[in-house]
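Q: Got a sequence here, can you build the structure:
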Amino acid sequence: MFIKLENITKDYIDEEVITRALRGVSFEIDKGEFVAVMGSSGSGKSTLMHIIGFLDKMTQGEYFFDGENTSEFDDKKLAEIRNQKVGFVFQSYNLLARTSVWDNVLLPTIYMPNLNKKEIEDRAKQLLNKLGLLERSKHRPNQLSGGEQQRVAIARALINQPRLILADEPTGNLDSKSGQEVMEVLQDLNKEGHTILMVTHEKYVAECARRILNMKDGQIVHDYVVAHQHLAKNGLKK
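A: Numbering: from 1, shown residues only. Model (predicted):
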């Protein structure tokens, strides 16, 4: 089992007022799955993703990642896992505005100084070529369309060859055509064996995954496999 959460609870405390964002969440994800987490605002889906991506800590419960129980890991160990084993794709792209596409993609490697420079540069070229961006590698983000910027973010997420890709509303700032292109990229990556967890509030986007977790009031209320006809209906790949 690649990811396993057992009875995860998350509380936020503000001036002695406790807000419970997650209420005993438990589920598992196998290697190579493409899972979407759906839910309305305040359902707990983003909190869940932040915990899975080691951007936040749970209040109670156990989290097993790639065979390790991370529940008692210190901040240094969690940061190491986050930087080396998880790739992030955000709704707002989070690209450095004054930096070229090339340097944006290479940014995560700064935290891994022992990597072979030629190997990393070759990997960056392969990723940019695969995503149709190699000829734009010297451009800055403001010279690209929204869909192109999101593809840069995907290349950046993949540069360190992570075990898990986390996509937080990856089509949220895109028009329908660009959104479809980005989802096709994620589907192709999943076909190649990448494990992907995606948060979205859009049903048609969630149905591009292979499995959907519906959240409400900090709990998973529905967990089901997507029928292939949903992908065909949306004009996306099976």
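
Q: Could you use CA atoms for every contact and neighbour count after this?
A: Will do.

Q: which residues of this structure fall in helices?
A: Using DSSP state H, the helices of the chain run over residues 45-52, 75-85, 101-106, 117-130, 146-158, 176-191, 203-206, 228-233.

Q: Now for the closest residue to L134 other than its chain neighbours: which residues touch it?
A: Among residues not flanking L134 along the chain, L128 sits closest, at 4.7 Å (CA to CA, 6 or more residues apart in numbering). For L128, the contact set (CA atoms under 8 Å, 6 or more residues apart in numbering) comprises 134, 137, 152, 155.

Q: Check what pLDDT the residue nearest the centre of the chain gets.
A: Geometric centre of the chain, nearest residue: L166, 1.2 Å, by CA atoms, centre = their mean. The model reports L166 with a pLDDT of 96.

Q: so what's it bridging to?
A: Applying DSSP bridges to L166 gives these bridge partners: F88, L197.

Q: how about JSON lines for the contacts of L128, with neighbour count and distance to K10 added?
A: Converted to JSON lines, the contacts of L128 look like this (neighbours: other CA atoms under 10 Å; distance: CA to CA, whole Å):
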{"residue": "L134", "neighbour count": "16", "distance to K10": "42"}
{"residue": "S137", "neighbour count": "20", "distance to K10": "41"}
{"residue": "V152", "neighbour count": "27", "distance to K10": "32"}
{"residue": "A155", "neighbour count": "28", "distance to K10": "31"}
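
Q: Is it possible to get a markdown table of these that adds pLDDT?
A: Output for the contacts of L128, formatted as a markdown table (pLDDT from 0 to 100):
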| residue | pLDDT |
| --- | --- |
| L134 | 93 |
| S137 | 95 |
| V152 | 94 |
| A155 | 94 |
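
Q: Present those as TSV; the columns should include distance to L78.
A: Converted to TSV, the contacts of L128 look like this (distance: CA to CA, whole Å):
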residue	distance to L78
L134	33
S137	31
V152	25
A155	23
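
Q: Tell me the one of those residues nearest T70?
A: Among the contacts of L128, A155 lies closest to T70 (CA to CA), at 26.8 Å.

Q: any idea how far Y63 is from that closest one?
A: 27 Å (CA to CA, to the nearest Å).

Q: ok, now F34?
A: Relative to Y63, and taking CA to CA, F34 is found at 19 Å.

Q: Confidence-wise, which helix or strand of this structure is lowest on average?
A: helix 228-233 (a mean of 47; mean pLDDT, DSSP states H and E).

Q: Out of the helices of the chain, which one sits most buried?
A: Mean neighbour count (mean count of other CA atoms under 10 Å) peaks for helix 146-158 among these, with a mean of 25.

Q: F27 contacts K4, correct?
A: Yes. F27 lies in contact with K4 (CA atoms under 8 Å); the separation is 6.0 Å.

Q: higher neighbour count, these two?
A: K4 (19 against 13; other CA atoms under 10 Å).

Q: per-residue confidence for the more buried one?
A: Confidence score, pLDDT, at K4: 97.

Q: Likewise for T195?
A: Per the predicted model, pLDDT is 97 at T195.

Q: That one and T70, how far apart?
A: 19 Å.

Q: Using CSV, write down the CA coordinates of stretch 172-192.
A: C-alpha atoms of stretch 172-192 as CSV (Å, rounded to 0.1, in the frame of the first residue of the first chain):
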residue,chain,number,x,y,z
GLY,A,172,-9.4,26.3,-11.7
ASN,A,173,-7.8,29.3,-13.6
LEU,A,174,-8.1,27.9,-17.1
ASP,A,175,-10.7,28.1,-19.9
SER,A,176,-12.4,24.8,-20.9
LYS,A,177,-10.0,24.0,-23.8
SER,A,178,-6.8,24.7,-21.7
GLY,A,179,-8.4,22.8,-18.8
GLN,A,180,-9.0,19.8,-21.0
GLU,A,181,-5.4,19.8,-22.3
VAL,A,182,-4.1,19.9,-18.7
MET,A,183,-6.3,17.0,-17.7
GLU,A,184,-5.2,15.0,-20.7
VAL,A,185,-1.6,15.6,-19.6
LEU,A,186,-2.4,14.3,-16.1
GLN,A,187,-4.2,11.3,-17.6
ASP,A,188,-1.2,10.5,-19.7
LEU,A,189,1.1,10.7,-16.7
ASN,A,190,-1.1,8.3,-14.8
LYS,A,191,-1.0,5.9,-17.7
GLU,A,192,2.8,6.0,-17.4
